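Would you be able to build a 3D model of this:
(2 chains)
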There are 2 protein chains.
Amino acid sequence: MALIVQKFGGTSVADITRIKAVAETVKREQGAGNEVVVVLSAMAGVTDQLIGYVAEAGGRNNSPEYDAVVSTGEQVTAGLLALCLAGIGVPARSMMGWQIPIHTDDVHGKARIAKIDVDALRQCVVAGEVPVIPGFQGISAQGRITTLGRGGSDTSAVAVAAALGAERCDIYTDVDGVYTTDPRIVSAARKIDKITYEEMLEMASLGAKVLQTRAVELAMKSNQRLHVRSSYSDVPGTLVVDEDEIVEQEMVSGIAYSRDEAKITLVQVADKPGVAASIFGPLADAGINVDMIVQNVSADGRATDLTFTVTEADLERAVETVAAKKDVLEYADLVSDSNVVKISVIGVGMRSHAGVAQRMFETLAEKGINIQVISTSEIKVSVLINEEYTELALRALHTAYGLDAE
Amino acid sequence: MALIVQKFGGTSVADITRIKAVAETVKREQGAGNEVVVVLSAMAGVTDQLIGYVAEAGGRNNSPEYDAVVSTGEQVTAGLLALCLAGIGVPARSMMGWQIPIHTDDVHGKARIAKIDVDALRQCVVAGEVPVIPGFQGISAQGRITTLGRGGSDTSAVAVAAALGAERCDIYTDVDGVYTTDPRIVSAARKIDKITYEEMLEMASLGAKVLQTRAVELAMKSNQRLHVRSSYSDVPGTLVVDEDEIVEQEMVSGIAYSRDEAKITLVQVADKPGVAASIFGPLADAGINVDMIVQNVSADGRATDLTFTVTEADLERAVETVAAKKDVLEYADLVSDSNVVKISVIGVGMRSHAGVAQRMFETLAEKGINIQVISTSEIKVSVLINEEYTELALRALHTAYGLDAE
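Now for the predicted structure:
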């Protein structure tokens, strides 16, 4: 008998009809001889409504009261699912973050889980009841309700699964798995059967919205197997597992993209110690996340061009922040552009395969697509190109790396 | 410096604009030099919506999950009011039933408060913060959320006030106090300045919906002064106090009525020991509340007529229950009628004034209104009459007892 944690998102619990369907899914898993623990999101739209109330009331998203208000959405679905389960003969009980308890730090609105007490959960399971846990919430050392930030229910599910040593953490979503690239753009995209945590992390942080980045990080840290699968069908989805579990690793697993990028170039910035710190220190202080950073050695040893990317929403503030330091940085010009897309080729296999980057550059060159910025990591090659070439680049790369469905 | 508990109902917190107005009311009370503790209902309509979800999910109103779901409405308004208070410079924090804690029994959906720990509340007040308490909820010895039943927020407020030894418990509603009778029917109705707990109890159980019966009982038991007042104006409302506080007690304080009555008469029922038990035992077992019961001594010592009243909703079941006992009761006929109204003249003063009942009977006789059933208590005379005479009777009695506004 294995213990399975099942997590259902907001569209899966959008109304009572859907919640009853979730109850049937839980019952099937139990009927297959497994012990089940469920983690739920709020009904789709409810959290946004509650956040709207808080904003109207003048509240900020780091306030304990924000958490007291927005955590109620998951409490409602947890109670309702427990009732629907009881209605089909599956004993169940809701267990709030403070009842388990799920201990977090006190960073309201973005709390991190410190420790999950598993005694009450285990007692519940041993007593033959399905614990139904509202995701996204915990309790601080001060005894106040905390929330884990948007998408925090994924994190709750993985943390609960890891704490209980679950065989699997099933993430039920409205897609049936993780794809080699966005199927809305590339019709030849294939569902990936198995993917490593590292790859999933790159996919997740690049816009494949099926899993929250923090949840994947946590799964990787605790070596918790995840199964991303559809709420609407029984077909197997994508397993997210440790690298060792994947016998024949393909060179490249997927192609991800992110349109939410903006590029800032400092032309002829002084090439002297401390310049990078004078740029990125103030940006960090302003809470602006910098993604790609590219600086070449300067030809003359006195000045160089420096390019970095931020999210589109942060562009204006980033430009202002850098411009305020013009006297220190002594740059000749500042150029910004939000009409760019980041395309990433991802795969742990590229560690052992030479030429992955080279094939990317060739493929793009063949299509006449100019590469503006390149950055690489151990399992990823990313390039920044003009946004209008998104579709062309994705299709060409998907074919070039042999990912197209037969 | 006095400690005041303020309770606001669902229409007073129906949206953020109203909640901000509540915050101003709290601030004014604090500005007058008082310490304030707030108890809130859910936004008008929200509890019904949540109850609807539970019903759709097949849940009953005595389930722990019912309580987990429906208690969220008050949690939302408590968090929002705390934010609105902070926004106008009044430090505040929400404190849920389980955080205080408010200990109750485990009768889910209808729990009774066992004990309120006041330490955390006092600490909060001493620290200069206004505790904002979601009404209606508590926690059972099993650590599960409980609710107190409909209108339970009044009870929460009174219990918190009593536990803290509050100077006053202000009940803010959408009417500006308790009236001598229903002003929608009798335009000469006057607001009552002071009323005793006993009188308020009779008024409340007879359809003057401003205060929940249980809350009045609790206030009486703990001698907690209540002030029923308007959310929309600053004029004094009605004080509900101990009899000793009322110096010049009027003979009659008010005239209440209840249309939700149905009458059952057993004609020529056997006049022998055990008959009443054979009637009312089964009714009690069926959960049917019986209100008035009238039985006369029989003329021949063998058979008598017996009349009792139940709520309209219970009429059909009550008739079935009694009919099932026909062989034991040996009655000649069973007559039922829901076209009746109960009119009650209420006043602690009638203890020391003879002739209160007599004046009622005379007044109704003068108007040609036939009295079907009479029942009296120490502070109340109730009669059952044909429902179509409701307005006529109320107006005539209101005048006869000198209650009309000048």
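
what comes up buried for stretch A:114-121?
Using 16 or more other C-beta atoms under 10 Å in any protein chain shown as the test for burial, stretch A:114-121 gives A:I116, A:L121. Where C-beta positions appear, they are placed from N, C-alpha and C, glycine not excepted.

so, in contact with chain B or not, it?
No. Using C-beta under 8 Å from any C-beta of the partner chain, we find that stretch A:114-121 stays clear of chain B, coming within 8.6 Å at best.

Pull out the CA atoms of that stretch and give them to me as CSV.
The C-alpha trace of stretch A:114-121 is given here as CSV (Å, rounded to 0.1, in the frame of the first residue of the first chain):
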residue,chain,number,x,y,z
ALA,A,114,9.7,25.5,8.0
LYS,A,115,8.3,22.2,9.2
ILE,A,116,5.2,20.0,8.9
ASP,A,117,4.1,18.0,11.9
VAL,A,118,3.0,14.7,10.4
ASP,A,119,1.5,13.1,13.6
ALA,A,120,-2.0,14.3,13.1
LEU,A,121,-1.9,13.6,9.4
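
Identify the residues contacting that stretch?
Under the contact criterion C-beta atoms under 8 Å, 6 or more residues apart in numbering or on different chains, stretch A:114-121 has outside partners A:37, A:95, A:99-105, A:131, A:159-160, A:163-164.

Who wins on neighbours among the residues you listed?
The most neighbours of any of the contacts of stretch A:114-121, using other C-beta atoms under 10 Å in any protein chain shown, belong to A:A159, which has 30 neighbours.

picking that back up, please list which of the contacts of stretch A:114-121 are also close to chain B.
Among these, the residues within reach of chain B (C-beta under 8 Å from any C-beta) are A:Q99.

quick one: which of the contacts of stretch A:114-121 is nearest to A:L85?
A:L85 lies nearest to A:P131 out of these, by C-beta to C-beta, at 10.7 Å.

Turn the contacts of stretch A:114-121 into CSV, columns for distance to A:G79, secondary structure and pLDDT.
Shown next, in CSV, are these (distance: C-beta to C-beta, whole Å; DSSP: H, G, I helix; E, B strand; the rest coil; pLDDT from 0 to 100):
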residue, distance to A:G79, secondary structure, pLDDT
A:V37, 16, strand, 98
A:M95, 11, coil, 98
A:Q99, 12, coil, 97
A:I100, 15, coil, 97
A:P101, 18, coil, 97
A:I102, 17, strand, 98
A:H103, 22, strand, 98
A:T104, 22, strand, 97
A:D105, 27, coil, 96
A:P131, 13, strand, 98
A:A159, 21, helix, 97
A:V160, 18, helix, 98
A:A163, 22, helix, 97
A:L164, 22, helix, 97
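
Just give me the closest of the contacts of stretch A:114-121 to B:E245.
A:Q99 (43.8 Å).

In contact with that closest one: list those residues for me.
The contact partners of A:Q99, taken as C-beta under 8 Å, 6+ apart, are A:A120, B:G143, B:R144.

Next up, the contacts around the residue nearest to A:G9 when sequence neighbours are not counted.
Distances taken as C-beta to C-beta, 6 or more residues apart in numbering or on different chains place A:S41 nearest to A:G9, at 4.9 Å, with adjacent residues excluded. For A:S41, the contacting residues are A:7-10, A:12-13, A:47, A:73-74, A:77, A:135-136, A:153, by C-beta under 8 Å, 6+ apart.

pLDDT value on A:S41, please?
A:S41 is assigned 96 on the pLDDT scale.

now do the one 4 residues further on
Reading off the confidence values, A:G45 has pLDDT 93.

Tell me how many other residues surround it.
For A:G45, using other C-beta under 10 Å, the count is 12.

so it sits right up against A:G10, yeah?
Yes. Using C-beta atoms under 8 Å, A:G45 is in contact with A:G10, at 7.4 Å.

In CSV, could you pull the C-alpha coordinates for the strand or helix carrying A:A55?
Using DSSP states H and E, A:A55 maps to helix A:46-56. Provided in CSV are the C-alpha atoms of helix A:46-56 (Å, rounded to 0.1, in the frame of the first residue of the first chain):
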residue,chain,number,x,y,z
VAL,A,46,-12.0,33.2,-5.5
THR,A,47,-8.5,34.1,-4.5
ASP,A,48,-8.5,37.0,-6.9
GLN,A,49,-11.8,38.2,-5.5
LEU,A,50,-10.4,38.1,-2.0
ILE,A,51,-7.2,39.9,-3.0
GLY,A,52,-9.5,42.5,-4.6
TYR,A,53,-11.3,43.0,-1.3
VAL,A,54,-7.9,43.4,0.5
ALA,A,55,-6.7,46.0,-2.0
GLU,A,56,-10.0,47.9,-1.7
